[in-house]
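1. Following is a predicted model, sequence given first.
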Protein chains: 2
Amino acid sequence: MATIKDVANQAGVSVATVSRVLNGNGYVHEDTRSKVEQSIRELNYTPNEVARSLYKRKSKLIGLLLPDIMNPYFPQLARGVEDEMQENDYRLIFGNSDESKKKETEYIQTFVQNNVVGVISSTNNPDADMYAGLNIPVVFLDRTSSDRPSVYADGRQGGRIAAEEIVRRGSKAITVIQGPADVRPAQERFEGAVEVLEQQAAAYQVLKTTSFSLTDAEEFAQKVFSEYPDTDGIIASNDIMASAVVKEAFRLGKRVPEDVQIIGFDDILLSRLLAPPLSTIHQPAYEMGREAARLLIGLIEGQRIEKSNIEFSVEFIERQTTRKVES
Amino acid sequence: MATIKDVANQAGVSVATVSRVLNGNGYVHEDTRSKVEQSIRELNYTPNEVARSLYKRKSKLIGLLLPDIMNPYFPQLARGVEDEMQENDYRLIFGNSDESKKKETEYIQTFVQNNVVGVISSTNNPDADMYAGLNIPVVFLDRTSSDRPSVYADGRQGGRIAAEEIVRRGSKAITVIQGPADVRPAQERFEGAVEVLEQQAAAYQVLKTTSFSLTDAEEFAQKVFSEYPDTDGIIASNDIMASAVVKEAFRLGKRVPEDVQIIGFDDILLSRLLAPPLSTIHQPAYEMGREAARLLIGLIEGQRIEKSNIEFSVEFIERQTTRKVES
DNA sequence: TTGTAAGCGTTATCAC
DNA sequence: GTGATAACGCTTACAA
C-alpha cells in the first residue's frame, strides 16, 4: 500500500502538502494540487485510517451491539443503522450480545480500544457503568432510557392495543404470553396488555417464558394449550412465539381465528407470509434503526439535538389470525 | 483513557517494560511485573488497538461483506462467522453489498484502510480485481471459487435433489423458478434442477425472476399461476419465494400438496413455522459461517491449510408441501 | 532485567 | 504557499 510519503516523493512535495490537498485545508497552489492529485491517482493511494485515527483520537467507526442477529427482528434494525451510516461514511463494528452482560462488556471495551466515535446498543442496562463511563455518544436502540438518547417503539401502547383488539373481537379466556423477564421491551408490552385486561375486567391468564428462541417457542406453545386448554385468545410476546402458537393450534385441530385468535408482536417478514397471515403489532424497525443512526451522527458531529428520546408509535396490523368485526 | 505512559509512570518503569508485561515477551522481573499489573488495574488501562494496529500494520479486525442482512438466510451465516471470530478475539466490520459492485468496492477499500487482517465476502465476482489485489486472506462464503478459499453448499446437487424428489412424488407439470441471473448460487441450484428434469424427460417450464425481495416474490408467485395455471409442482429459488407461492396457491384455492407440491431452498427459520411447513433443501448456513471464519483465521495465522475449498452437502427436508411416498 | 529511541502513517503547528 | 517536525500510543531493536 502506498503511503502519504510515497505520494509526496512522487509529486516532489512534502507530506504536509499532500495532507493539505487530502483534507482541503491550508493554502496550496493550483499547480501543485493537480500534481499531487495526479500522483495519488497513479499510486492508487488511499489514506490509512488507522494512522488518522491514532492522531485525531477518533475514527470513522461506530460500534453496534444487538442481542442476536438471528432473531428476525434485529436484521431490520441493523440494516436501518447500516444504510444511514454507510451513506455518511461511517463503518460498523458489529457484535451480538446474547443479552449477556459479559459479552456486552467485552464488546464495549473493544469498541473503545478501536476508537469508535459512537455506539448504538440494544441493552437491558442502559444505566450500567460501562455506558456511564463512556465519553463518546451512545444511542440506545429498541430500549428506553429517560435520561440518555434512545430510539424505541411504544411497547406498552402496543400491548394495550393488542389487548383491546383481542377483547373487542370476542375472546373470553385470554392468555398473555410474557416474554423473558430481563428483556425490557418484552415486559413493557406485557404490562400494557395486562393493564387493559385488568381495566376491562377480562378473564386472562399469564404464561411466563424465558427465551425467544425457536425451539423454546415451540415448547411454550404446547404449554399454552396444555395448561389452558380452553383459551380462545392469545397475546404472544413476539411473532416467533405467535407463529409457534398458530402451528400448535393447528396441530391440535383448533381453527384460527374461529376457535382461537392470536396476536403477535414486531411484524417480521414471516408474519405476512404465514398461512394464515398473522395479525400483529407493527414496529417500524428499519426506520428505527435509521433514526438511531441519524441521532448518533448528530451527537457525534455536535449538532444541537432538540429531542434525543425518540418514540415511534406502533400499530395493529389486521391479518387473519383475528376475527373480523365492525369498526 | 489511560495510556501505556501513564501506567509506566505510575509503576515507576519505562513504557518498554509495560509493553513487555502486556505482551508477555522479553524478560521482566517478577516484582516489576506485579507492580505493573497493579498499576494497570488501578488505572483501568486497556491498550489502544489503533496504535498497535498502526505499528504492526495489522489489526484484530475482519471485514464481513454480505448481500443483505434482511434476507433471512444471511443472518445465520453472519452469526456463525461472528461466534467463531468473537471466540478468537477478532472483531467484525460489517457491510451490506446489495450485490452492487460499487458498494462492494467501497467496503473493501475501507476494510483495507482500517487494516483488517482478512475478509469474508459473499460476492458474485470472486475474480474481480478488488480481491485479486488484496494482500490479505479472503474467504468467499456461500460462493464458489475454484482457485481461492471458499466455503459453500453444493447448490447444484440441491437443485438435483429438489427435482428428483418432486418428480418421484408425482408432479407432472413442473415449474422451476429461476433466481436472479447475477446471483451465482441461485443459478447453480437452477441448473441442477434442470439437469435432472431433462434427464428424466419431465415436462417443465421456467419462470425467470430478478430479485429475492419479499414484495417481488409475491408478484412472481402470482405470475407462476397466471402463466402456468396447470402447474402441479414448483421448485422455488429459495424459501421466501416458496412461501409466497404457497400463499398464492391458497389464495387461488389450490390444495398443497394435493394439487400442487412446492419445494423451497435454504431452510430458513420461516420454513418450519409456516403452515403447512415447507419442504425444502437445507443448507447448514450457521455452520458454513463458522467454517469460513475458522478457515480465515487459519489463513491469517499462517497454518498450513490442507483444504481451502470447503463444500457442505445439502439435504432434502421433507415437511408438508410435498406428498408422502414409499421410499 | 530494564531503558532509550526509532518507527508505524497521519495531521497540525510553526517557520520560512 | 510550502516544508520540517512533533505528536498520536504502541512495539521492538539495541544498549546498558
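-> Now that the structure is in, tell me what you want to look at.
2. Pull the contacting residues for A:Gln320.
-> Residues in contact with A:Gln320 (C-beta atoms under 8 Å, 6 or more residues apart in numbering or on different chains) are A:256-257, A:276-279. Using the backbone N, CA and C atoms, a C-beta is placed for each residue, glycine as well.
3. top of those by neighbour count?
-> Neighbour counts for the contacts of A:Gln320 (other C-beta atoms under 10 Å in any protein chain shown) peak at A:Leu278, which has 30 neighbours.
4. about what we covered before: export the contacts of A:Gln320 to CSV and tack on distance to B:Met241, pLDDT and secondary structure?
-> Below are those laid out as CSV (distance: C-beta to C-beta, whole Å; pLDDT from 0 to 100; DSSP: H, G, I helix; E, B strand; the rest coil):
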residue, distance to B:Met241, pLDDT, secondary structure
A:Val256, 25, 95, coil
A:Pro257, 27, 96, coil
A:Pro276, 20, 87, coil
A:Pro277, 17, 93, coil
A:Leu278, 20, 97, coil
A:Ser279, 24, 98, strand
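5. And those residues, which is closest to DNA strand D?
-> When these are compared for distance to DNA strand D (C-beta to the nearest atom of the strand), A:Leu278 wins out at 50.9 Å.
6. Apart from its chain neighbours, what residue comes closest to that closest one?
-> A:Ser271 (4.0 Å; C-beta to C-beta, 6 or more residues apart in numbering or on different chains).
7. which bits of chain A sit near DNA strand D?
-> A:12-17, A:20, A:26-29, A:31-33, A:51, A:54-55, A:57 (C-beta under 7 Å from any atom of the strand).
8. Secondary structure class of the most centrally placed residue in chain A, three-state.
-> Nearest to the mean C-alpha position of chain A, by C-alpha atoms, centre = their mean, lies A:Leu77 at 3.8 Å. Put simply, A:Leu77 is helix when judged by DSSP: H, G, I helix; E, B strand; the rest coil.
9. all strands of chain A, in order?
-> Secondary structure of chain A, counting by DSSP state E: strands at A:61-66, A:91-96, A:118-121, A:138-141, A:150-153, A:174-178, A:204-208, A:233-235, A:261-266, A:279-282, A:309-312, A:315-317.
10. outside of the first one, which residues touch it?
-> Contact partners of strand A:61-66, identified using C-beta under 8 Å, 6+ apart, comprise A:53, A:74, A:77-78, A:81, A:85, A:90-97, A:104, A:107-108, A:111, A:114-123, A:293, A:296, B:93-94, B:114.
11. What is the neighbour count of A:Glu165?
-> The burial count for A:Glu165: 21, using other C-beta under 10 Å.
12. ok, and what's touching the lowest-mean-pLDDT helix or strand in chain A?
-> In chain A, no helix or strand scores lower on mean pLDDT, DSSP states H and E than helix A:269-273, which sits at a mean of 89. Contact partners of helix A:269-273, identified using C-beta under 8 Å, 6+ apart, comprise A:72, A:239-240, A:242-243, A:264, A:277-278, A:280, A:317, A:319, B:70, B:72, B:214, B:240, B:243-244, B:247, B:269-270, B:273-274.
13. For A:His282, give its distance to DNA strand C.
-> 44 Å (C-beta to the nearest atom of the strand, to the nearest Å).
14. quick one: A:Gln86 from DNA strand C, how far?
-> Counting by C-beta to the nearest atom of the strand, the gap from A:Gln86 to DNA strand C is 21 Å.
15. from memory that residue sits against B:Ser97, does it?
-> No: counting by C-beta atoms under 8 Å, A:Gln86 sits too far from B:Ser97 to count as a contact (10.3 Å).
16. Give me the ChimeraX select line for the residues of chain A next to DNA strand D, limited to the buried ones.
-> To isolate the buried ones among the residues of chain A next to DNA strand D in ChimeraX, judged by 16 or more other C-beta atoms under 10 Å in any protein chain shown, type:
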select /A:13,17,20,28,32,33,51,54
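17. Out of the residues of chain A next to DNA strand D, list just those in helices.
-> A:15-17, A:20, A:31-33, A:51, A:54-55 (DSSP state H).
18. Cool, thanks, talk later.
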